[in-house]
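Asker: Requesting a structural model of the entry that follows:
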Amino acid sequence: MTAFKSGDPTTLNRLYGRSSGHKLRQGQAELVETLLPAISVPADGEVTAVGLFGEDRPLHFEIGFGGGEHLAYRADMLPDHGFIGCEPFLNGVAQALGHIRDQRLTNVRLWMGDALDVLRRIPDGALSFVYLLHPDPWPKARHAKRRMANDGPIELIASKMKPGGEFRIATDHPVYLAHTLMVMQRHTEAFDWLAETPKDFLQRPGGWPATRYEQKAKREGRDAYALRYRRR
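Answerer: Purely as a prediction, here's the structure:
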């Protein structure tokens, strides 16, 4: 997964972490060569629902979609919505393309690179949902500035969301959980935390599938925490 430098959201442009892993299988490589160009977010210009899908529709934005299972599930469940998924890791993009092909999804657009490059180009108040699911926790204190859950990115995300839109965050790392709660507490003018009891940390609402990262965490005996915030 990915992380980004904190600070002024207009200057967030450094991507940390690797961009590729094991060699792609032939079928995956073919999808990257053929399907990815057809559904990629344009490299420049404003990013809107009309520009991507030919009509105005609710927009969802996933930051670091991993293998794309959550992205594909949500897109299949909400075919009249538009989904933008961003992931710099080539192998994850290839896996997501497989889901998109197999499920015949026409409402997904991908960006292989820094999510903030796209987020900056989305009009303010355009997003209905934003997802940040199991990002790299960067657990060492000296690396905390690399986490996506920092003031600059959160301010940028808030500016792009509709009033009433939902920001969902998931992590299985206690350090990242504590850091995220601390940062989000500084942004109560923008977000209401949709939690009423302690068990709300451990329960996902309907339509929020478990990712492979969550499944791995549970196999290894770790809790997966689900945080939901509503844009004011």
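Asker: just for this protein, where's the confidence low?
Answerer: 1-21 (pLDDT under 70).
Asker: just so I have it, where are all the helices in it?
Answerer: 26-39, 49-53, 69-77, 90-102, 115-119, 151-160, 174-185, 212-219 (DSSP state H).
Asker: Run through who's touching the last one.
Answerer: Meaning helix 212-219. With contact meaning Cβ atoms under 8 Å, 6 or more residues apart in numbering, helix 212-219 is reached by 1, 66-67, 69, 133-134, 170, 172, 210, 223-224. C-beta here means a position set from N, CA and C on the backbone, and glycine is covered the same way.
Asker: Now the two most distant members of those residues.
Answerer: G67 and D223 (21.3 Å; Cβ to Cβ).
Asker: one step back: return the subset of the contacts of helix 212-219 lying in strands.
Answerer: 133, 170 (DSSP state E).
Asker: I'd like the contacts of helix 212-219 as TSV, with neighbour count and distance to L78 appended.
Answerer: What follows is those, written out as TSV (neighbours: other Cβ atoms under 10 Å; distance: Cβ to Cβ, whole Å):
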residue	neighbour count	distance to L78
M1	20	24
G66	23	19
G67	20	19
E69	18	15
L133	23	17
H134	23	21
A170	25	19
D172	18	26
A210	18	18
D223	14	28
A224	21	23
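Asker: nearest to L127, of the contacts of helix 212-219?
Answerer: Nearest to L127 among the contacts of helix 212-219, with distances taken as Cβ to Cβ, is L133, at 15.5 Å.
Asker: who are the neighbours in contact with that closest one?
Answerer: L133 touches 62, 64-66, 70, 168-170, 211, 213, counting by Cβ under 8 Å, 6+ apart.
Asker: partner residues bridging it?
Answerer: Counting by DSSP bridges, L133 forms beta bridges with A170.
Asker: R109 and L177: what is the separation?
Answerer: For R109, the distance to L177 equals 30 Å [Cβ to Cβ, to the nearest Å].
Asker: What of Y131?
Answerer: Taking Cβ to Cβ, one finds Y131 at 16 Å from L177.
Asker: Give the residue farthest from the middle of the chain.
Answerer: In the chain, the greatest distance from the average C-alpha position (Cα atoms, centre = their mean) is reached by Q26, at 27.1 Å.
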